[in-house]
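S.K.: Mind looking at a prediction? Sequence and model below.
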Amino acid sequence: MASTDTTAKATVKNDDLAGLEAGLDALEAVQVSRTPVREVLLRKVLPPLTAVALVLVVWQLLVWAEVTEAYKLPAPSAVWDSVSEMWLQGTLFDVVWTSVSRGLLGFLLALAIGTPLGLLVARVRFVRAAIGPILSGLQSLPSVAWVPPAVIWLGLNDSMMFAVILLGAVPSIANGLVSGVDQVPPLFLRAGRTLGATGLKGAWHIVLPAALPGYVAGLKQGWAFSWRSLMAAEIIASSPDLGLGLGQLLENGRNNADMPGVFLAIALILIVGIAIDLLIFSPLERWVLRSRGLLVRS
């Protein structure tokens with residue numbers, strides 16, 4: 001009888017273990033299925049289009065209601081006429097590309113500087129104590145404050161633009177990486193040292209992959225600072241030698257009291273910022289989350 005009870009208990013225990021393993025396998029198994037195109041359109045395309053249409057309707061209603069003078073609030077059709085005029089003149093793409101190329105190149109330079117700087121600050125206590133507060137202070141400093149000294153130091157040229165971008169973006173990228181490194185579990189670092197991943201090897205294979213979520217958040221914020229810094233520099237430091245960018249387009253509209261041109265410049269600046277986020281940073285963020293099992297592929 002005792003032998004029978006022991007056998008029954010062992011069978012139940014084995015069944016429990018098998019059930020537990022099956023449950024864990026079910027949790028790990030991610031059902032991968034492609035979302036229908038119709039559902040994608042309804043969930044991701046239709047809502048922003050509806051919001052844009054609602055803004056345009058409210059805008060047009062305000063124009064019809066004559067809440068202010070026509071030269072202060074132009075109709076959407078007037079802004080569209082400005083777009084059409086620049087398109088026919090062949091200047092629309094050139095203006096956008098002038099700013100986008102500067103912004104992306106400046107961001108890449110900030111990435112090359114901010115990444116090793118953030119890693120150094122995160123891993124060396126003396127460096128963190130020395131320049132960590134300075135980086136935080138620089139991150140909170142409005143980027144427009146750097147334009148006057150940059151013009152005096154470097155003159156009205158692209159170097160001045162890139163200097164303003166770097167001063168605005170590098171602290172954000174570095175602080176984002178520092179935040180990500182601070183959230184790395186100490187167990188990962190000890191395991192890496194046990195396996196021989198120390199120094200640069202440990203930083204590349206252990207620290208950076210584990211700090212990716214915070215690092216990507218810093219990159220997104222760094223791009224936002226790059227774009228805002230560039231627009232501030234282009235608005236303040238206008239010069240024919242710099243070419244016509246979106247910031248200069250906005251400033252020219254203000255100088256000429258051309259409100260359709262002002263609204264057009266604002267819309268283009270907004271569209272570029274949204275496009276860069278949707279095309280680069282949102283896919284990167286989804287990849288990082290999916291690689292950690294935090295987002296199911298659809």
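M.R.: Thanks, I have it. Numbering: from 1, shown residues only.

S.K.: can you pull out the strands in the stretch 51-200 of the chain?
M.R.: All residues of the stretch 51-200 of the chain lie outside strands when identified by DSSP state E, counting those that start in this stretch.

S.K.: which residue packs closest to residue 276, ignoring adjacent ones?
M.R.: The spatially closest residue to residue 276, leaving aside those adjacent along the chain, is residue 223, at 6.4 Å (C-beta to C-beta, 6 or more residues apart in numbering). Using the backbone N, CA and C atoms, a C-beta is placed for each residue, glycine as well.

S.K.: For the one you found, give me its contacts.
M.R.: Taking C-beta atoms under 8 Å, 6 or more residues apart in numbering as the criterion, residue 223 is in contact with 103, 107, 169, 276-277, 280-281.

S.K.: So, low pLDDT: which residues of the chain?
M.R.: Confidence mapping of the chain against pLDDT under 70 gives the ranges 1-38, 40-41, 44-45, 185, 188-205, 293-298.

S.K.: Find the residue at the geometric middle of it.
M.R.: Centroid-nearest residue in the chain: residue 220, 2.3 Å away (criterion: C-alpha atoms, centre = their mean).

S.K.: Next, count neighbours for residue 49.
M.R.: 10 (other C-beta atoms under 10 Å).

S.K.: separation between it and residue 285?
M.R.: Distance, residue 49 to residue 285, by C-beta to C-beta, to the nearest Å: 23 Å.

S.K.: Check residue 107 too.
M.R.: For residue 107, the distance to residue 285 - C-beta to C-beta - is 16 Å.

S.K.: list the buried ones in the longest helix belonging to the chain?
M.R.: In terms of residue count, the longest helix belonging to the chain (DSSP state H) is helix 92-123. Across helix 92-123, burial judged by 16 or more other C-beta atoms under 10 Å covers 92, 95-96, 98-100, 102-104, 106-107, 109-111, 114-115, 117-123.
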